[in-house]
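Peer 1: coords below, sequence missing:
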C-alpha cells in the first residue's frame, strides 16, 4: 500500500492510497478520511462510499462536504474507485461502460471478467485491507450515489451482517429495467437476465423481508429519474416484502453533488445512530 | 446576462451566469449562491469570493462546503472567474500567468491591457450587475484564496467603504516580493516597481492605520508558504500601521481546498457578524 497524497482536514486526515489488488488484478486507488483522535486505542467505525459513473475516489471527498460532521461524529470514510484501472484493463469509449463504470458486479464475460470484479473488491478485499492498515473497528456502514447507490443497496441487502446500515442518493434502483443497467449487465454478466437479478436492489428487496436500516434520498428534478433511476421500483419492492424503507423525495433537486451535499449530514447522522456513535 | 446552469442546493439556488463584460471586454462567467427566502422583499448581503491560480467560478462552489452555513445565515455568495477568457484573450502557456491568473489588477501593458482589467471588474462592474439583477443588499464582504486572498485584501484595503469585512486563506501577502507577484506584475503593470505597490496588501497595510475587520487563515504545511505567500509581511505591516489583524496559523494544513473547507465556517461567521446577520 503506497501513500499517494495526504491533506489535513477538519482536524483529521484525508489520504489517498494505491495498492495492488489481487481481486481486480490491477493497481487500485482509494481515499480515506480519518477523524481526529482515531488511533489503535480508539478505533472508529467506517462509512464506505461508492461513487457514480465517471467518478473515482476523489469526487466525494472533494465535493460532498461530509468531513466536518464525520470528524465530529468520529467516523472514518472510505471511498474506493468505481472500476479497475490501467492501460491493460478492457474499456469502451463510453461514460457508462468500462472504466469508471464497474457497476459493483463480478463480471463473468470476456473481456471484462479478468478485472471487473468490483463486488468482491468492495465487499471483501478493500474492507480487509482497511481493517488491517487503519485504526478502525469492524463496524461498517455503506452509502453511495447513482451507480454507487445501486452498489450500496445491493451489497447491504446481500450482506446484512457486514453492514449496520445502508443509504443511497439517487440510486439506480432497478438496473435490470433501465438502459444503464441493461447495457452494463449484458456486457459484464451475459445475456441471461436471471444472472442479473442478484445485482438489482429492487429484485433483492422484493424477495424477502429485510431488516437492515435503509435510507434513500432522491431529487424530483433529477435528469435521470424516469428513465434510469426508477425509485418507485424500490417502493413497490419494499411493500411486497414488508420491509421498512425511508425514501425522501426532494422538490427541485437534481443529480449533482449539490444535492448530495445538501443532505449528506442527515445520512451521516443516520449511520452514526446505527453505529452507536450518537 | 444568460443562465448557464442552475442547481438547487441547501434550500437555496446555485447558478452560473454568463455576461458580456464591458470592463474586461469579453464574456465572463460567474457563480452565485442565493440562500433560501432571498427575495426582493428580503434582500440579503453578499460575500464575494476570489479564487486562486488556475481556478474559475466553480472551484469554491463545489469544494469549499460553504453553502450550508451561508444558507442558514442568509448570505449570498458570488464567485467570479479569475481572469478574462476567450480565444482572443492574450495568454501564455503557464499556470501562473495569463488566463486563470489575472491577479485582480488593471493591466497597463501590452498585450494584457485590452482584457486584464480584473480589479475594475471585481470592484465595479460585477457588484453593480449583481445588485441590479439579484435580490441582494449593497452590503458586501470579500474573501479569497491564495491569488484571490491577495485580491480580497488589496480590494478591501483600497475600498473600505465598499466592504464591511475582509478575510483571506493562504493569501499572496506581499506579491512585490515573491516570484508569482513579480512575474505577474512585471507583465501586467510594467517594470516600474512603484506601480506595483497599490496591488500589494502588505504595502497598503503598512501605509496607514486601517479599520476594516480583517481575518487571515494560513496552514503551516502550505507548500507555497515561504517562497510565495509570506504572511509575516502582513504581520509586520499591521504592526507598523497599528492596524488590527487576526492571522491564524494552523499546524499541518496545506494549500488545498481541504484547508479552506476546514475553516470556511469561521470566516462565514466572521463576515456574518460584521454584516449584522448574527
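Peer 2: Good, I have the coordinates. Computed from a predicted structure; not experimentally measured.
Peer 1: can you give me the strands for the stretch 151-278 of chain A?
Peer 2: For the stretch 151-278 of chain A, the strands defined by DSSP state E, counting those that start in this stretch cover A:166-169, A:214-219, A:246-250.
Peer 1: export the ones you listed as CSV, with columns for distance to residue A:147, mean neighbour count and mean pLDDT.
Peer 2: All C-beta spots, glycine's among them, are computed from the backbone N, C-alpha and C. Listed next are those as CSV, based on distance: least, Cβ to Cβ, whole Å; neighbours: other Cβ atoms under 10 Å in any protein chain shown; pLDDT from 0 to 100:
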stretch, distance to residue A:147, mean neighbour count, mean pLDDT
strand A:166-169, 10, 29, 98
strand A:214-219, 15, 24, 98
strand A:246-250, 18, 14, 98
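Peer 1: contacting residues for residue A:271?
Peer 2: Residues near residue A:271 by Cβ atoms under 8 Å, 6 or more residues apart in numbering or on different chains: A:47, A:75, A:141, A:143, A:164, A:165, A:167.
Peer 1: and stretch A:223-239 with chain B, contact?
Peer 2: No: using Cβ under 8 Å from any Cβ of the partner chain, stretch A:223-239 stays clear of chain B, with a minimum separation of 11.2 Å.
Peer 1: ok now stretch A:28-38, how far from the chain's centre?
Peer 2: 16 Å (Cα atoms, centre = their mean, to the nearest Å).
Peer 1: on that earlier part again, I'd like the strands of the stretch 151-278 of chain A laid out as a markdown table, including distance to chain B.
Peer 2: Shown next, in a markdown table, are those (distance: least, Cβ to the nearest Cβ, whole Å):
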| stretch | distance to chain B |
| --- | --- |
| strand A:166-169 | 14 |
| strand A:214-219 | 7 |
| strand A:246-250 | 8 |
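Peer 1: so for residue B:63, which of the ones you listed sits nearest?
Peer 2: strand A:166-169 (18.1 Å; Cβ to Cβ).
Peer 1: pairing partners for the closest one, with directions?
Peer 2: Strand A:166-169 has the following strand partners under DSSP bridges: strand A:136-145 (parallel), strand A:214-219 (parallel).
Peer 1: residues making contact with it?
Peer 2: By Cβ under 8 Å, 6+ apart, the residues outside strand A:166-169 that reach it are A:141-146, A:148-150, A:152-153, A:155-157, A:212-218, A:259-260, A:263, A:267, A:270-271.
Peer 1: re earlier: turn the strands of the stretch 151-278 of chain A into JSON lines, columns for distance to residue B:233.
Peer 2: Shown next, in JSON lines, are the strands of the stretch 151-278 of chain A (distance: least, Cβ to Cβ, whole Å):
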{"stretch": "strand A:166-169", "distance to residue B:233": "45"}
{"stretch": "strand A:214-219", "distance to residue B:233": "47"}
{"stretch": "strand A:246-250", "distance to residue B:233": "48"}
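Peer 1: next, residue A:78: phi, psi?
Peer 2: Torsion angles at residue A:78 (phi, psi; degrees, to the nearest 10) stand at phi -120, psi 130.
Peer 1: if I look at it, how far off is chain B?
Peer 2: Remark: distance between residue A:78 and chain B (Cβ to the nearest Cβ, to the nearest Å) = 16 Å.
Peer 1: tell me how many other residues crowd that residue.
Peer 2: For residue A:78, the neighbour count with other Cβ atoms under 10 Å in any protein chain shown is 24.
Peer 1: could you do residue A:99 as well?
Peer 2: Neighbours of residue A:99 (other Cβ under 10 Å): 21.
Peer 1: average pLDDT for stretch A:17-33?
Peer 2: Mean pLDDT, stretch A:17-33: 98.
Peer 1: so which of the contacts of residue A:271 wins on neighbours?
Peer 2: In the contacts of residue A:271, the most neighbours by other Cβ under 10 Å go to residue A:143, 34 neighbours.
Peer 1: my guess is that one contacts residue A:48. True?
Peer 2: Yes: between residue A:143 and residue A:48 a contact is recorded at 7.3 Å, counting by Cβ atoms under 8 Å.
Peer 1: which residues are in contact with each of the two?
Peer 2: With Cβ under 8 Å, 6+ apart, residue A:143 and residue A:48 have common neighbours residue A:152.
Peer 1: I'd say residue A:227 and residue A:177 touch.
Peer 2: No: between residue A:227 and residue A:177 there is no contact under Cβ under 8 Å: 10.3 Å.
Peer 1: neighbour count: these two, which is higher?
Peer 2: The residue with more neighbours, out of residue A:227 and residue A:177, is residue A:177; 16 against 10, by other Cβ under 10 Å.
Peer 1: and the gap between the more buried one and residue B:226?
Peer 2: Distance of residue A:177 to residue B:226, computed by Cβ to Cβ, to the nearest Å: 58 Å.
Peer 1: which residues touch the residue nearest to residue A:178 when sequence neighbours are not counted?
Peer 2: Once flanking residues are discounted, residue A:178 sits nearest to residue A:228: 4.7 Å by Cβ to Cβ, 6 or more residues apart in numbering or on different chains. Contact analysis of residue A:228 by Cβ under 8 Å, 6+ apart lists A:172, A:178, A:179, A:180.
Peer 1: got a winner among these for most neighbours?
Peer 2: Highest neighbour count within these, by other Cβ under 10 Å: residue A:172, with 31 neighbours.
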